[in-house]
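Asks: Quick one: sequence plus predicted model below, questions after.
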Amino acid sequence: MSDLPGIVVTGASGRMGQMLMRTVLASDKARLVGAVERPGSEWVGRDAGAAMGGAAIGVTVTDDPLEAFAQAQAVIDFTSPEATVHFAELAAQARAVHVIGTTGLDPAHLEKLEWAAHHAVIVRAGNMSLGVNLLTRLTQKVAEALDADWDIEVVEAHHRMKVDAPSGTALMLGEAAARGRGTDLDRARVSGRDGITGPRAPGSIGFSAIRGGDIVGEHDVIFAAAGERIVLRHVATDRAIFARGALRAALWGQDKRPGQYDMIDVLGL
Ligand SMILES: NC(=O)C1=CN([C@@H]2O[C@H](COP(=O)(O)OP(=O)(O)OC[C@H]3O[C@@H](n4cnc5c(N)ncnc54)[C@H](O)[C@@H]3O)[C@@H](O)[C@H]2O)C=CC1
Ligand SMILES: O=C(O)C1=N[C@H](C(=O)O)C[C@H](O)C1
């Protein structure tokens, strides 16, 4: 039997789940040992490769995460906040690295991840791509260099099926801008203006979300001053960038101590 790290992908039938399974199957650094879907999914009980429309791969999609995680060195999880919190507990019990791409987690969800991170490695990021993580660094630097005369706005666009807003990436970029400016995003954040809003609150960081069609993910960080404007932009055209980052995180986490990490740690940025 191969000693390559065994990976379980949760949310196997999802947009990211399928991309993740293809990425792991194509890798010579890891092997796919499990695929998990929610109870009631028509994928449960089917071979994961066949369910994706290809050849059988010998991995049956299951709705029993506990059984699947017991064979895994890492769980890659792009599902929903409720599912992710549940998986964190089970991955910690199995001492498997838990790579979390799920977005839309609220403070109560994040608190529950704290417990799990005492027992196992968690790598979580609202965006697993190299490009976006580099952009967070650039955003922080630009925000550090500019004074409060420069208004900061984050604009994001995603496909029509996306359920959370602002996107996890937009929040990462907003956090980076707030850090650079020495402020707290929770206080500075203004989302989705509508109606008679009055003039822009000085020092605020604004978020706007566009939803439509099959847009993979686009993010602009706008620094606007009187007479000039800087726009930092990332455009994702292929979900493979997120899957590659997630697999890299799963491998990176293998020899790390329990705790919470992000893609800046993984990429060494
Ligand atoms: N961090 C990153 O780089 C990225 C994060 N995402 C995030 O990943 C998440 C998923 O995105 P998509 O794949 O587009 O969504 P999707 O809706 O296509 O897939 C989610 C899958 O999770 C499954 N699921 C839900 N609850 C489950 C449970 N209890 N057990 C097992 N499976 C369960 C659903 O049945 C579905 O197949 C979202 O939060 C999205 O924002 C998406 C792309 C990149
Ligand atoms: O739901 C998506 O599709 C994406 N979600 C992540 C986010 O919320 O930022 C990452 C990427 O933009 C795609």
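Replies: Okay, I see it. Numbering: from 1, shown residues only. Ligands and ions are numbered 1, 2, ... in the order given.
Asks: So which residues of the chain form strands?
Replies: Using DSSP state E, the strands found in the chain span residues 6-10, 31-36, 61-62, 74-77, 97-100, 121-124, 151-158, 189-191, 205-211, 217-225, 228-236, 259-261.
Asks: will you turn these into a markdown table that also has distance to Leu134 and mean neighbour count?
Replies: From N, CA and C alone the C-beta is placed, and that goes for glycine too. Supplementary listing: the strands of the chain in a markdown table, determined by distance: least, C-beta to C-beta, whole Å; neighbours: other C-beta atoms under 10 Å:
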| stretch | distance to Leu134 | mean neighbour count |
| --- | --- | --- |
| strand 6-10 | 25 | 30 |
| strand 31-36 | 29 | 25 |
| strand 61-62 | 35 | 22 |
| strand 74-77 | 22 | 30 |
| strand 97-100 | 19 | 30 |
| strand 121-124 | 17 | 26 |
| strand 151-158 | 16 | 22 |
| strand 189-191 | 23 | 15 |
| strand 205-211 | 20 | 18 |
| strand 217-225 | 12 | 19 |
| strand 228-236 | 9 | 14 |
| strand 259-261 | 17 | 17 |
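Asks: Which of those strands sits closest to ligand 2?
Replies: Taking C-beta to the nearest ligand atom as the criterion, ligand 2 comes closest to strand 217-225 out of the strands of the chain, the separation being 2.9 Å.
Asks: List the contacts of the closest residue to Ser129 other than its chain neighbours.
Replies: In this structure, Ser129 finds its nearest non-sequential neighbour in Ile241, 4.1 Å apart by C-beta to C-beta, 6 or more residues apart in numbering. In this structure, Ile241 makes contact with 128-131, judged by C-beta atoms under 8 Å, 6 or more residues apart in numbering.
Asks: Also Val216?
Replies: Neighbouring residues of Val216 by C-beta under 8 Å, 6+ apart: 158-159, 236-239.
Asks: coming back round to it: TSV for the strands of the chain, including mean pLDDT and distance to Gly253?
Replies: Below are the strands of the chain laid out as TSV (pLDDT from 0 to 100; distance: least, C-beta to C-beta, whole Å):
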stretch	mean pLDDT	distance to Gly253
strand 6-10	98	11
strand 31-36	98	16
strand 61-62	98	23
strand 74-77	98	7
strand 97-100	98	4
strand 121-124	98	4
strand 151-158	98	27
strand 189-191	97	30
strand 205-211	98	30
strand 217-225	98	24
strand 228-236	98	23
strand 259-261	98	7
